[in-house]
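Student: When you get a sec, could you give me coordinates for this:
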Amino acid sequence: MVTPVHERTERSTVTRIIAVTNQKGGVAKTTTTASLGVALAERGQRVLLVDLDPQACLTFSLGVDPEDLEVSVSHVLTQGTPAQDALLETDEGVDLLPATIELAGAEAALLTRTGRELTLRVALDGVADGYDWVFLDAPPSLGVLTVNALTAGREVLIPLQCETLSHRGVGQLLDTIHDVRRLLNPRLRILGVLPTLFDARTTHARVVLADVSERYQLPVLEPPVPKSVRFAEAPALGRSILSTSRRSKGAEAYREVARRLMGGAEQGVATSA
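Tutor: Residues are numbered from 1 along each chain as shown. So this is what the prediction gives:
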């Protein structure tokens, strides 16, 4: 199912490193990471996905059993294992830096380290240049692992479920991004919010999305990703929806978002964040 990655060739293009984050769970953050990565790989791009969630949902959803892993991102962050030694190739055409439950302990261990916020950025220095895109799947919190993702990233993508409770934490997330930009990573920019689990039939979803865009002056990536049971079915098969339901509206939405990302359609920066 998966094999270690041993060799990488350098590329002349600048790698886009995107932290996918929202401290609220259940907003399709991991689905967005996997689906955009696979959609870009379909277009001939070299993609690395980094699982930073101790629940290892991204790892599992790409067909890798975390319990079978001897080396993971936890070893990279806490033991100095080269990231290259933990990389896996997946059947979806993307490479994966996988997670295990050990990452929960790694987060605690990092709290006592000097320069803990820079650990991931330093670890990726040795491998990121081999890819066109690196997506960092941050955990649903604003802890040290999420700060590591924001410090290592160059852009931030915020999946947003268009319900009232789902956007209450956006302001807090933007405060964290502001602090990271000021203290650790001044080059960080907000790519925008991506509406997920979107039900265009409801006025509520449209009102919430408009409110977030206006209140926080955030770019909105399009098209919105529709709610579909197909997303819940895909992880059980160890594949993304782009493989399990290729012509579904959800799969096509992620393909279109990927196409627009490649074309540079979204150039906005939330400078007030």
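Student: Where does the prediction get shaky in the stretch 101-250 of the chain?
Tutor: Segments of the stretch 101-250 of the chain classed as low confidence (criterion: pLDDT under 70) are 164-166.
Student: for it, what spans make up the helices?
Tutor: 102-110, 119-124, 144-152, 170-183, 203-216, 230-233, 241-244, 249-263 (DSSP state H, counting those that start in this stretch).
Student: Could you look over the ones you listed and pick the most buried one?
Tutor: Comparing those by mean neighbour count (mean count of other Cβ atoms under 10 Å), helix 144-152 ranks first with a mean of 25. All C-beta spots, glycine's among them, are computed from the backbone N, C-alpha and C.
Student: Residues touching that one, excluding its own?
Tutor: For helix 144-152, contacts defined as Cβ atoms under 8 Å, 6 or more residues apart in numbering pick out 17, 19, 21, 23, 50, 52-53, 77, 103, 107, 110-111, 116-121, 124, 136, 138-139, 156, 176-177, 180, 184-185, 188.
Student: ok, now with 7 Å
Tutor: Residues outside helix 144-152 that contact it (Cβ atoms under 7 Å, 6 or more residues apart in numbering) are 17, 19, 21, 52, 107, 110-111, 116-121, 124, 136, 138-139, 156, 177, 180, 184-185, 188.
Student: Could you measure from the residue sitting furthest away from the middle of the chain over to residue 163?
Tutor: Taking Cα atoms, centre = their mean, the residue of the chain most remote from its mean C-alpha position is residue 203, at 28.3 Å. Distance from residue 203 to residue 163, counting by Cβ to Cβ, to the nearest Å: 12 Å.
Student: Likewise for residue 35?
Tutor: 20 Å.
Student: Have a look at those two and say which one is more surrounded.
Tutor: residue 35 (27 against 17; other Cβ atoms under 10 Å).
Student: For the nearest residue to the more buried one once chain neighbours are set aside, give me the pLDDT.
Tutor: Spatial nearest neighbour of residue 35, chain neighbours left out: residue 254 (4.0 Å); criterion: Cβ to Cβ, 6 or more residues apart in numbering. Confidence at residue 254, expressed as pLDDT, is 96.
Student: residues contacting residue 254?
Tutor: Contacts of residue 254 (Cβ under 7 Å, 6+ apart): 35, 36, 39, 225, 242.
Student: Would you convert the residues you listed into a markdown table that also reports distance to residue 144?
Tutor: Compiled in a markdown table, the contacts of residue 254 are given as follows (distance: Cβ to Cβ, whole Å):
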| residue | distance to residue 144 |
| --- | --- |
| 35 | 27 |
| 36 | 25 |
| 39 | 30 |
| 225 | 29 |
| 242 | 32 |
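Student: just those residues now: which is nearest residue 218?
Tutor: Set against residue 218, the nearest of the contacts of residue 254 by Cβ to Cβ is residue 225 (16.4 Å).
Student: Enumerate every residue touching the closest one.
Tutor: Applying Cβ under 7 Å, 6+ apart, one finds that residue 225 lies in contact with 28, 194, 195, 196, 198, 250, 253, 254.
Student: Next, count neighbours for the nearest residue to residue 109 once chain neighbours are set aside.
Tutor: Residue nearest to residue 109 in three dimensions, not counting chain neighbours: residue 78, with 5.1 Å by Cβ to Cβ, 6+ apart. Other residues within reach of residue 78, judged by other Cβ under 10 Å, total 18.
Student: start at 401 instead
Tutor: In the new count, where the first residue is 401, that last one comes out as residue 478.
Student: Can you tell me how far residue 478 is from residue 502?
Tutor: Using Cβ to Cβ, we find residue 478 at a distance of 9 Å from residue 502.
Student: now residue 529
Tutor: Distance from residue 529 to residue 502, by Cβ to Cβ: 27 Å.
Student: What of residue 609?
Tutor: Distance of residue 609 to residue 502, given as Cβ to Cβ: 37 Å.
Student: ditto for residue 483
Tutor: Plainly put, residue 483 is 16 Å away from residue 502 if you go by Cβ to Cβ.
Student: How about residue 417?
Tutor: On the measure of Cβ to Cβ, residue 417 and residue 502 end up 24 Å apart.
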